[in-house]
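# prediction below, plus the sequence it came from.
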Amino acid sequence: MLYESTRSSRLQCDEFEALLKGSAEDGGLYVDRKLQEKELDLHALIGMDYRQCAYEVLSRFFDGIPEKMLKDVIGQAYDRFAVPETVRLVKVGPLHVLELFHGPTSAFKDVALTLLPHLLGCALKKEERALILTATSGDTGKAALAGFADVPNTDILVYYPKDGTSRIQELQMTTQQGNNVSVYGLKGNFDDAQTAVKKVFADQKFREELAKRKIRLTSANSINIGRLTPQIVYYFDTYRKLVREGCIKEGEKILFSVPSGNFGDVLAGYYAYCMGLPVKRFIVASNANNVLTDFIRTGVYDAGRPFYKTISPSMDILISSNLERLLYYLSGRNNEETAGYMRELKEKGSYRISEEMLKKLQELFTAECFSDEETSAAIRRVYETTGYLLDPHSAVGYAAAEKYLEEGVIVTLATASPFKFPAYVLKALGKEVSEEEFSNLHLLEEYCGKKAPEAISRLQELPVRFNKAIAKEDVKQSIEEYLEEHAL
Ligand SMILES: *Cc1c(COP(=O)(O)O)cnc(C)c1O
């Protein structure tokens with residue numbers, strides 16, 4: 001299948017190059033010009049299960065992967081989930097909550113990051129290896145490590161800010177098993193880690209040296225089509241379940257509320273919409289970093305604003321990279337117009353979309369934002385009225401959904417387990433919080449009478465395998481050492 005850059009229709013490649021490269025040479029994102037032609041037969045989906053749905057969706061984007069191989073890859077990824085249905089739909093108060101956090105790291109990123117390594121495996125040529133470099137502020141790093149661990153012909157090196165993650169997040173990474181993984185604490189903040197990794201990617205000479213040894217430098221970040229496309233599946237799967245359970249009639253339009261940061265999750269919903277899913281509205285939910293809320297309400301994207309650290313850290317973002325794909329489609333697949341907005345963003349820190357685009361945007365999208373106080377209040381209110389415990393990210397989505405109850409059936413996406421953020425959740429519930437994260441975890445388990453996911457509670461006992469702290473100048477050296485140690 002043919003992909004092109006959002007910024008130039010001349011930069012084209014097939015799905016395998018798109019998977020391995022991540023983004024195009026001009027900085028654009030890979031998009032599919034014929035998305036609207038990929039319409040799925042909704043009626044046929046209703047009798048399927050998650051994996052069959054996944055095959056129906058993914059085969060339309062990766063038609064170069066043979067049927068049996070794609071089905072195997074889907075099975076390998078989702079065998080690792082704690083529930084057989086991969087994602088779980090539960091009724092909470094007036095809303096349907098879509099739990100996306102039953103994967104190995106208890107966050108929604110698992111849905112894509114368990115699959116991506118296998119898709120990359122299909123993309124590699126004979127004797128090639130993929131070397132994945134990832135800078136992380138916490139969650140993505142762990143989900144990527146868990147996804148790539150012991151996947152043949154891949155290696156993954158993760159760089160996190162040494163003093164910039166929670167204790168649980170750090171332990172999740174430093175105790176990672178697998179013979180093809182390595183983790184480094186970087187002295188500096190997340191931006192330092194990100195910049196240091198980007199520098200290696202930009203080092204043409206180094207890349208050529210690696211290419212000679214049949215090693216392809218790759219990233220696992222959320223603009224990769226291998227991250228985006230697996231997320232389309234759960235929108236269709238949810239619709240299918242709602243029809244089957246008699247909550248909606250086939251063809252009835254529904255709403256989705258999506259806690260958003262980099263705009264990948266909700267964009268996958270938009271892809272599903274383009275492929276024929278009956279959606280009335282997407283509610284884009286943000287925390288105090290409300291650049292998307294302002295954009296959807298006014299048509300002006302302005303990244304020139306203060307950055308807040310919130311209790312929903314995975315949504316603390318000022319530049320939502322995946323939004324570029326939506327601009328491309330809303331502009332009628334106009335590469336020049338899209339490139340123009342991105343140039344303005346780079347040069348001035350802001351851009352304003354055309355009136356026509358704004359109208360199209362607002363027909364389908366609406367936006368809400370919430371402070372930490374409002375988010376905490378939502379966690380407590382929902383727990384006290386329904387007994388259901390939300391994590392701070394999911395609570396932002398839930399609070400947004402509550403504003404649209406009269407518009408129809410609403411599904412709100414739950415993106416992380418509450419046990420990943422025990423201190424924030426306990427505090428929201430009005431409980432005492434200790435300095436020690438594992439005490440908080442146990443307090444939360446006792447308070448709500450539920451067990452934390454195995455993978456989180458077990459962390460205390462696992463041996464730490466990686467405790468290297470390196471300077472940000474030494475990323476390249478760390479790669480060379482890794483390759484030497486592994487005789488690559
Ligand atoms: C990454 C993440 C989000 C935001 O998703 P985007 O695709 O970046 O919009 C929300 N919640 C959690 C828990 C996440 O890890």
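Ah, there it is.

# and the gap between Ala112 and Arg227?
The gap separating Ala112 from Arg227 is 4 Å, by CB to CB, to the nearest Å. Yep, even glycine has a C-beta here, placed from its N, CA and C like the rest.

# correction: the previous question concerned Glu208.
26 Å.

# which one's more surrounded, those two?
Counted by other CB atoms under 10 Å, Glu208 and Arg227 do not tie: Arg227 has more neighbours, with 27 against 9.

# so who does the more buried one touch?
Contact partners of Arg227, counting by CB atoms under 8 Å, 6 or more residues apart in numbering, are 112-113, 116, 220-221, 264.

# that one: what secondary structure?
Of the three states, Arg227 takes helix under DSSP: H, G, I helix; E, B strand; the rest coil.

# measure it to Leu40 for me?
In terms of CB to CB, Arg227 sits 20 Å off from Leu40.

# and what of Ile479?
Ile479 sits 41 Å away from Leu40, taking CB to CB as the criterion.

# who has more neighbours, the two?
More crowded of Ile479 and Leu40, by other CB under 10 Å: Ile479, with 21 against 17.

# number of nearby residues for Lys126?
Lys126 is flanked by 6 other residues according to other CB under 10 Å.

# show me which residues of the chain sit near the ligand.
Contact residues, the chain versus the ligand (CB under 6 Å from any ligand atom): 107-109, 139, 222, 259-265, 314-315, 393, 415-416.

# just the contacts of Arg227: which has the poorest pLDDT?
Minimum pLDDT for the contacts of Arg227 is recorded at Asn221 (84).

# tell me which residues touch that one, please.
22, 134, 140, 227.

# how long is stretch 395-411 from one end to the other?
13 Å (CA to CA, to the nearest Å).

# show me the contacts for the residue sitting nearest the centre point of the chain.
The C-alpha lying nearest the average C-alpha coordinate of the chain belongs to Lys109 (CA atoms, centre = their mean; 4.4 Å). When contacts are counted by CB under 8 Å, 6+ apart, Lys109 touches 103, 139-140, 143, 222.

# for it, grab phi and psi.
Main-chain torsions, Lys109, degrees, to the nearest 10: phi -60, psi -20.

# quick one: pLDDT of it?
Looking at Lys109, its pLDDT reads 94.

# could you do Glu402 as well?
Reading off the model, Glu402 has pLDDT 98.

# helix, strand or coil for it?
Once three-state DSSP is applied, Glu402 turns out helix.

# lowest-confidence helix or strand of this protein?
Lowest by mean pLDDT, DSSP states H and E among the helices and strands of the chain is helix 190-202, with a mean of 86.

# who does that one touch, helix- and strand-wise?
strand 129-135, strand 154-161, strand 181-186, helix 475-485 (3 or more CB pairs under 8 Å, 6 or more residues apart in numbering; DSSP states H and E).

# after that helix, next one along is what?
helix 204-212 (DSSP states H and E).

# quick revisit: any idea of the angle the least confident helix or strand of the chain forms with helix 204-212?
Angle of helix 190-202 versus helix 204-212, following axes from the mean of the first three to the mean of the last three CA atoms, to 10 degrees, is 60 degrees.

# so which of the contacts of Lys109 are in helices?
Counting by DSSP state H, these place 139-140, 143 in helices.

# counting neighbours, which of those comes out on top?
Counting neighbours by other CB under 10 Å, the top entry in the ones in helices among the contacts of Lys109 is Ala143, with 27 neighbours.

# so that residue makes contact with Ala107?
Yes - in this structure, Ala143 is within contact of Ala107 by CB atoms under 8 Å, at 6.0 Å.

# do I have it right that Cys13 meets Tyr3?
Yes - with contacts counted by CB under 8 Å, Cys13 reaches Tyr3, the gap being 5.9 Å.

# so which of the two has more stuff around it?
Neighbours per residue (other CB under 10 Å) separate Cys13 from Tyr3, with Tyr3 holding more: 21 against 18.

# the helix or strand containing that one packs against which elements?
For Tyr3, the element it lies in under DSSP H and E is strand 2-5. Secondary structure elements in contact with strand 2-5, counted by 3+ CB pairs under 8 Å, 6+ apart, are strand 8-14, strand 30-31.

# can you rerun that using 6 Å?
Where contact means 3 or more CB pairs under 6 Å, 6 or more residues apart in numbering; DSSP states H and E, strand 2-5 is packed against strand 8-14.
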